[in-house]
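A.B. asks: I'd like to go over a predicted model; first the sequence, then the structure.
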Amino acid sequence: MAYLVKQSHRAPAVTAPVPVDDSLPRACVIGAGSSGIAAAKHLHQAGVPFDCFEMGSDIGGTWVLDNSNGQSACYDTLEINTSCPRMAYSDFPMPEDYPPYARHDQVAAYFQAYVDHFGFRHTITFDTTVEDVSRAADGRWDVRTSGPGGTETRTYDAVLVANGHHWDPRWPDPAYPGTFDGEQIHAHDYRSADQLAGRDVVVVGAGNSAMDIAVESSSTARTTTWSVRRSEWVLRKFFLGKPSDQGLLPPGWVPWWVTALRLRIGATAAGSMTKYGLPAPTHKPGQSHPVQSERIRERLAAGAVTARPAIERLDGDRVVFVDGTSSPADLIVWATGYRVTFPFLDPALVAARDNELPLWKRAVHPDLPGLHFLGLLQPLGAVMPLAEAQAAWIAETLCGDYVPPADGDVRRQMAAEHRRYRRRFYDSPRHTMEVDFDRYLWDLARERTKGRARASS
């Protein structure tokens, strides 16, 4: 059964059953993380027949500590960088007793409650890996899976790819010259400060995970060095007593220059990082993905974290930096991001080069009908509401309630969107999927309205 939801601003509403319509196209959802469960929920509500495959035994993806699927980068102190109201699904608020920025276990519990409230847990097949997705002879999609029951291939009209993009670690390439006598791990494999205790730690990277790990290291390691190749504008999580994304970022779409101005105000209010030994960023606020930390300045000011520039070479039990300084090291934590990969898709069919995969509305490509990508974006905000909007759009498409524009229009829009975001953010693998949270929702809602009109004409 599927469910029709009566929305409430205060609490999840009562659901009413809607039968599955086997005359509709059959779909496959890959993954039961935050994007996959949004997809499953909307297909379930629309009565679309579908299967959802999850390689682990849990829902929630990266928000599940030590997820049995082996893909999670969750660590014990992880919390969201977007406030709860801005992260929640539109028809299922986060609990009112959650803090402004929920912990990973609270987020995981929220996803569990979401699945159970809308009643679609039975549609998820756990401990099952999608091994291959390929075009069938009739233009549909063959999906080969392996699980406790063995290997099986099923054919679907649509495949919704929701395998995430924070699971395949990107290491420095080429590797830094020299040799290193100690241990090297990627931030993906960091779980707790116990891994850092009593050690000489060098954390490499300028993102949120790098700052979190450096802060934790400063309380347990013998020494902590934070190596930053390119500085970022480090915002605080709170502004004038409110979560920054509620006080600084506007609700609803506004011109980009307004969002950039508010980010600039937040960066100015947070204070410069140059006094702690970091170079000034070479870009303006808003030209990169925002990073936030409430404690990194405090730990730098206390001397518990030492800031250094990019690495020049590795030298046995030390790391040498481009300014000629060096630090003792027996553990390097590479917080250097992730590669966008799809192990079940032929690279000749879909390949992200330097993490760059142009898509229309960050979800579909006109050369790949029936193949949809969810959550394959990096917003100035949380992915969940955007993946939810994508899921609702795809469900409308499969039900015949939405019709896309002509192929030429799709291609022109896709190219224009790609150029716009390339101009807006500085050139980096971390910005190939960047979007403006509010503008994206506004733009997709507008397109869905147009598509419904086309469908009814």
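C.D. replies: Received the coordinates, thanks.
A.B. asks: Only C-alpha atoms from now on, for both contacts and neighbour counts.
C.D. replies: Noted.
A.B. asks: What is the neighbour count of Glu96?
C.D. replies: For Glu96, the neighbour count with other Cα atoms under 10 Å is 11.
A.B. asks: tell me which element Ile332 falls in.
C.D. replies: Using DSSP states H and E, the element containing Ile332 is strand 331-334.
A.B. asks: do Ser327 as well
C.D. replies: strand 326-328.
A.B. asks: Can you get me a residue count around the nearest residue to Arg318 once chain neighbours are set aside?
C.D. replies: Nearest non-adjacent residue to Arg318, counting by Cα to Cα, 6 or more residues apart in numbering: Pro328, 4.4 Å away. Around Pro328 there are 19 other residues, counting by other Cα under 10 Å.
A.B. asks: Any figure for the gap between Pro328 and Asp401?
C.D. replies: Here the criterion is Cα to Cα, to the nearest Å. By it, Pro328 lies 62 Å from Asp401.
A.B. asks: for Arg121, same thing?
C.D. replies: From Arg121 across to Asp401, the span is 26 Å (Cα to Cα).
A.B. asks: Any stretches of this protein with poor pLDDT?
C.D. replies: Counting by pLDDT under 70, the chain shows low-confidence ranges at 1-17, 247-259, 261, 351-355, 426-432.
A.B. asks: remind me, longest helix of it?
C.D. replies: helix 437-456 (DSSP state H).
A.B. asks: For that helix, what is the distance to the chain centroid?
C.D. replies: The chain centre lies 22 Å from the centre of helix 437-456; the measure is Cα atoms, centre = their mean, to the nearest Å.
A.B. asks: And for stretch 436-454?
C.D. replies: With Cα atoms, centre = their mean, you get 21 Å for stretch 436-454.
A.B. asks: Take it, keep the C-alpha atoms, and write them as PDB.
C.D. replies: Listed next in PDB are the C-alpha coordinates belonging to stretch 436-454 (Å, rounded to 0.1, in the frame of the first residue of the first chain):
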ATOM      1  CA  ASP A 436      21.800  27.800  -4.400                       C
ATOM      2  CA  PHE A 437      19.300  26.000  -2.000                       C
ATOM      3  CA  ASP A 438      16.400  28.400  -2.200                       C
ATOM      4  CA  ARG A 439      16.800  29.200  -5.900                       C
ATOM      5  CA  TYR A 440      16.900  25.500  -6.800                       C
ATOM      6  CA  LEU A 441      13.600  24.800  -4.900                       C
ATOM      7  CA  TRP A 442      12.000  27.800  -6.500                       C
ATOM      8  CA  ASP A 443      13.200  26.900 -10.000                       C
ATOM      9  CA  LEU A 444      12.200  23.200  -9.800                       C
ATOM     10  CA  ALA A 445       8.800  24.200  -8.400                       C
ATOM     11  CA  ARG A 446       8.300  26.500 -11.400                       C
ATOM     12  CA  GLU A 447       9.300  23.800 -13.800                       C
ATOM     13  CA  ARG A 448       7.000  21.300 -12.200                       C
ATOM     14  CA  THR A 449       4.100  23.800 -12.600                       C
ATOM     15  CA  LYS A 450       4.900  24.200 -16.300                       C
ATOM     16  CA  GLY A 451       5.200  20.400 -16.800                       C
ATOM     17  CA  ARG A 452       1.900  19.800 -15.200                       C
ATOM     18  CA  ALA A 453       0.300  22.300 -17.600                       C
ATOM     19  CA  ARG A 454       2.000  20.600 -20.500                       C
END
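A.B. asks: Could you give me the buried positions within that stretch?
C.D. replies: For stretch 436-454, the buried set under the neighbour-count rule, 16 or more other Cα atoms under 10 Å, comprises Asp436, Phe437, Asp438, Tyr440, Leu441, Leu444, Glu447, Arg448, Gly451, Arg452.
A.B. asks: ok so, going back, direction included, what does the strand holding Ser327 pair up with?
C.D. replies: The strands that strand 326-328 pairs with in its sheet are strand 318-321 (antiparallel) (by DSSP bridges).
A.B. asks: Any idea how many residues pack against Glu356?
C.D. replies: Residues near Glu356, counting by other Cα under 10 Å: 17.
A.B. asks: Verify the stated contact: it with Glu434.
C.D. replies: No. The pair Glu356 / Glu434 is not scored as a contact, 10.5 Å apart, by Cα atoms under 8 Å.
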